[in-house]
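[1] what shape does this take:
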Amino acid sequence: MERMNKNSKELMDDPFLLASWIAKSMAGELSDEELQLLDEWRMASERNRRLYDRIVSREGRESKQKHFTAFDKFSGWQGYSKKLRKTEKKAIRWRVFLRYAAVLLIPLGVAVYGVLHSGEETVSLANLNAITPGGARAELVLPSGEVVDLVAKSGVISRGENTVINNEGKTLSYKSTGNQVPMDSLRYNEVIVPKGGEYQLVLSDGTLVYLNSMTKVRFPEHFSEKCREVEVCGEAFFEVAKDKHVPFIVKTGAYDITVLGTRFNVTAYADDNLSMTTLVEGVVAISGEGVGTARTLRPNEQFVLDRVSGNADVKTVDVNYFTAWKDGMFRFRDVRLEEIMRVVERWYDMTVVYEDESVKDLHFGFNMGRHETIEPLLRIFELNGRVKIEREGKVLKIKRGR
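    Below is the predicted model:
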């Protein structure tokens, strides 16, 4: 904790360190601790958020490049050092940062000197053409077939003999008010999260489920005394309530996952060739016709099934890259552009067209919040010049750069 506080103070006081961390974050090279500190700085004030967005956005790119080309980089660094030695006052350091932070972003090709030199802090948010991120939106399908828009309707949705269904904020919860019911009396509900949506679900046993874009989950309003079983198509993160007497089973289109109490991520989109289960905590068993021999996963292991070839494998992974979405983050390291863009399409509710098929195999890595407009993300792809992206409404056209 002492080290964290020290680093936090250094970040707030040292514009050189701050600018370098912004550069590293755009390249996906920050450690978890550094990323947390940078996020804390960015969210500490509206001023910080505007400055961060300005650095990584496309807005004013041509004017930034023009000013940067005329900027003497060596003199700029000398000026920064001289200013920093003259005073330790935070306000002065901020003015220095606004003038010289561009030097630190040169390796990434972000020519921001013009904006920073001008000292401007106002960022126009009124962009009618902006592609905005997804948010909390979903539909509930009741046993009767009635469809409930969870954005439009909040509060108690249903009060039955055994369960109360309540919707608040971005969480739909099922509270048990009676005994478990027989298997032949189960009443099934569905929650459907559209493209550009996310939602949270608390099942009647207390299990918490995070639902990503284009995901459908089917489940009983109240579990039976013998089994807790749900069906998932899409992507979901489960925090399963422990009950050693009643196993919890997640059924996907390719295999089943059996647990007693654990935390894991399931990616099982119908239009993806790969289905994956990533274990964060506990133990899960993978079984099913397409799996062959049942597999047991330990923490930090991932089961991957290629539904085209039938190949199945278990590998050790950094789980943070596969669960970041539930915490509002994009986190990728050395991932194919096509795979990243598939995630982008679902979250921003848009379509990607490749004018050069070869760019699909280019690899990228970055960390950024996914509750931002799409512009900063697109700039990350274009920074090294390997691709060019044109936007026409809700369509992104990608072609090879230099």
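[2] name the next helix or strand downstream of the helix or strand of the chain with the lowest mean pLDDT, please.
    Within the chain, no helix or strand scores below helix 113-118, which has a mean of 34 by mean pLDDT, DSSP states H and E. Moving toward the C-terminus from helix 113-118, the next helix or strand (DSSP states H and E) is strand 135-136.
[3] list the buried residues in stretch 339-348.
    For stretch 339-348, burial by neighbour count (16 or more other Cβ atoms under 10 Å) applies to 340-341, 343-348. Bear in mind the C-beta positions are built from the backbone N, C-alpha and C, glycine included.
[4] what's the answer for stretch 227-234, then?
    With burial defined by 16+ other Cβ under 10 Å, the residues of stretch 227-234 counted as buried are 228-234.
[5] got the CA positions of the lengthiest strand in the chain in PDB?
    Ordering each strand of the chain by length in residues (DSSP state E) puts strand 228-239 first. Taking Å, rounded to 0.1, in the frame of the first residue of the first chain, the C-alpha atoms of strand 228-239 are listed here in PDB:
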ATOM      1  CA  ARG A 228     -28.900 -25.700 -11.000                       C
ATOM      2  CA  GLU A 229     -28.800 -25.500 -14.800                       C
ATOM      3  CA  VAL A 230     -28.600 -22.600 -17.200                       C
ATOM      4  CA  GLU A 231     -28.000 -22.300 -21.000                       C
ATOM      5  CA  VAL A 232     -25.700 -19.700 -22.500                       C
ATOM      6  CA  CYS A 233     -25.100 -18.500 -26.100                       C
ATOM      7  CA  GLY A 234     -22.700 -15.600 -26.200                       C
ATOM      8  CA  GLU A 235     -20.300 -14.500 -23.500                       C
ATOM      9  CA  ALA A 236     -20.900 -14.500 -19.700                       C
ATOM     10  CA  PHE A 237     -18.900 -14.300 -16.500                       C
ATOM     11  CA  PHE A 238     -20.200 -16.400 -13.600                       C
ATOM     12  CA  GLU A 239     -19.600 -16.000  -9.900                       C
END
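[6] Provide the strand pairings for it, with the direction of each partner.
    According to DSSP bridges, strand 228-239 forms sheet pairs with strand 208-211 (antiparallel), strand 215-220 (antiparallel), strand 248-251 (parallel), strand 263-268 (antiparallel).
[7] any chance of TSV for the ones you listed, columns mean pLDDT and distance to residue 200?
    Shown next, in TSV, are the strands paired with strand 228-239 (pLDDT from 0 to 100; distance: least, Cβ to Cβ, whole Å):
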stretch	mean pLDDT	distance to residue 200
strand 208-211	98	6
strand 215-220	97	11
strand 248-251	96	16
strand 263-268	97	14
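[8] now do the buried residues in the helix or strand hosting residue 275.
    Per DSSP H and E, residue 275 falls inside strand 274-281. Neighbour-count burial for strand 274-281 flags 275-280 (criterion: 16+ other Cβ under 10 Å).
[9] redo those residues as a markdown table? Include pLDDT and distance to residue 402.
    Conversion of those to a markdown table gives the following (pLDDT from 0 to 100; distance: Cβ to Cβ, whole Å):
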| residue | pLDDT | distance to residue 402 |
| --- | --- | --- |
| 275 | 95 | 37 |
| 276 | 97 | 34 |
| 277 | 97 | 40 |
| 278 | 98 | 36 |
| 279 | 97 | 42 |
| 280 | 97 | 40 |
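[10] for these, which one is nearest residue 219?
    Set against residue 219, the nearest of the buried residues of strand 274-281 by Cβ to Cβ is residue 277 (17.9 Å).
[11] which residue, other than its chain neighbours, is closest to the closest one?
    Nearest in space to residue 277, with sequence neighbours left out and distances taken as Cβ to Cβ, 6 or more residues apart in numbering, is residue 303 at 4.7 Å.
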